[in-house]
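**Q** Please find the sequence and the predicted model below.
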Number of protein chains: 2
Amino acid sequence: MPGSDAAQLWKLNQRLLTRVMNAAAPRLASVGLETKEFFVLDEVDTSRHPAELAATLMLPKASVTVYLRNLVAKGLVVRTIDETDLRRHRLATTDAGKQVLRESTAALAAEFAAMMDRLDDREQGEFRRLLERLVGDDG
Amino acid sequence: MPGSDAAQLWKLNQRLLTRVMNAAAPRLASVGLETKEFFVLDEVDTSRHPAELAATLMLPKASVTVYLRNLVAKGLVVRTIDETDLRRHRLATTDAGKQVLRESTAALAAEFAAMMDRLDDREQGEFRRLLERLVGDDG
DNA sequence: CCCGGCTTGTACGAAACTAAACTAATATGA
DNA sequence: TCATATTAGTTTAGTTTCGTACAAGCCGGG
């Protein structure tokens, strides 16, 4: 229950998340996405440019560059120069990207739901509230 | 609503997990462990041989080989032949390994606690309860 | 205006990871 | 019994990911 139990809990949490992603990978592949690409694509319309995206997803900038290059090559994302800051790339999903994102999100819904079904609606709401507090602000 | 909400919960949880592990990495490094090595070392005395360990941690066998080689080189783990099945390597942590494991577990728990400080006592209890439900029995 | 200091995205070489092939030992079964 | 299939662990070769350095652009103080 004291400190070491927290580590145990975290270890199990890690395993749970890994298991879900492993289960989801084939479904993502069927719509042509790698797992990391999915997370990047999913975040594109929220985080407007690569640096912000890297910060949000806690990935190195260099890695984000690679994933974006792939997504652009697949025609799922477009890059344009930000006229207010010429260093920045404004990012946006294409229609095809939105479509793929919808499909992949739907494909994953089953996996996520199966994991979260251990909690009832109220608990899921509470869990979400606490998570947002913990993750919030980037801290 | 349930599906996409579950996905949202998944993402938040994932982000939190990554942040805690990133925060813990320097502390683990100070006792001479990489993050992945920590997970392997932690599992050595539970899963007796590499194949089982790979299955439990959901890592490829080849990766486990590498991590174990490093842990053995550091004197934290010993490999012996299993006399009942000569293909198998029996694994065990050394005293030094146990010591490092205690220290690194404490370090991880400390990071966990630091993260939880954003919540008050009641919320911390609730969060842990929900997390335990979620990962319980490991599913 | 312009010079240092900061930020943005990318490129490149190195490190980490993994899929597949390989060696060795055990199990199966005709 | 002994060929065949299966399992354990490692090695190898190819890919992915990352740390560092860099060019380009922004910003603030003189």
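**A** Structure's in. What do you need?
**Q** mean confidence for whichever strand or helix holds A:L91?
**A** In the assignment (DSSP states H and E), A:L91 maps to strand A:89-93. Average pLDDT, strand A:89-93: 97.
**Q** So for chain A, the centremost residue is which one?
**A** By CA atoms, centre = their mean, the mean C-alpha position of chain A lies nearest to A:F39, the distance being 3.0 Å.
**Q** helix, strand or coil for A:R79?
**A** Classification of A:R79 using DSSP: H, G, I helix; E, B strand; the rest coil returns strand.
**Q** ok, it to A:L57 distance?
**A** Per CB to CB, to the nearest Å, A:R79 is found 17 Å from A:L57. Placement of C-beta: from N, CA and C, glycine included.
**Q** ok, now A:R102?
**A** Per CB to CB, A:R102 is found 20 Å from A:L57.
**Q** more crowded one of the two?
**A** More neighbours surround A:L57 than the other of A:R102 and A:L57, with 21 against 11 (other CB atoms under 10 Å in any protein chain shown).
**Q** Next, the angle from the lowest-mean-pLDDT helix or strand in chain A to helix B:2-30.
**A** Here the helix or strand of chain A ranked lowest by mean pLDDT, DSSP states H and E is helix A:3-30, holding a mean of 90. Counting by axes from the mean of the first three to the mean of the last three CA atoms, to 10 degrees, helix A:3-30 points 130 degrees away from the direction of helix B:2-30.
**Q** Helix or strand next in line after helix A:3-30, which one?
**A** Following helix A:3-30 in sequence, per DSSP H and E, is helix A:35-44.
**Q** Flag every buried residue along that following helix.
**A** Of the residues in helix A:35-44, A:36-44 count as buried by neighbour count, 16 or more other CB atoms under 10 Å in any protein chain shown.
**Q** Nearest to B:H49, out of those residues: which one, please.
**A** A:K36 (31.2 Å; CB to CB).
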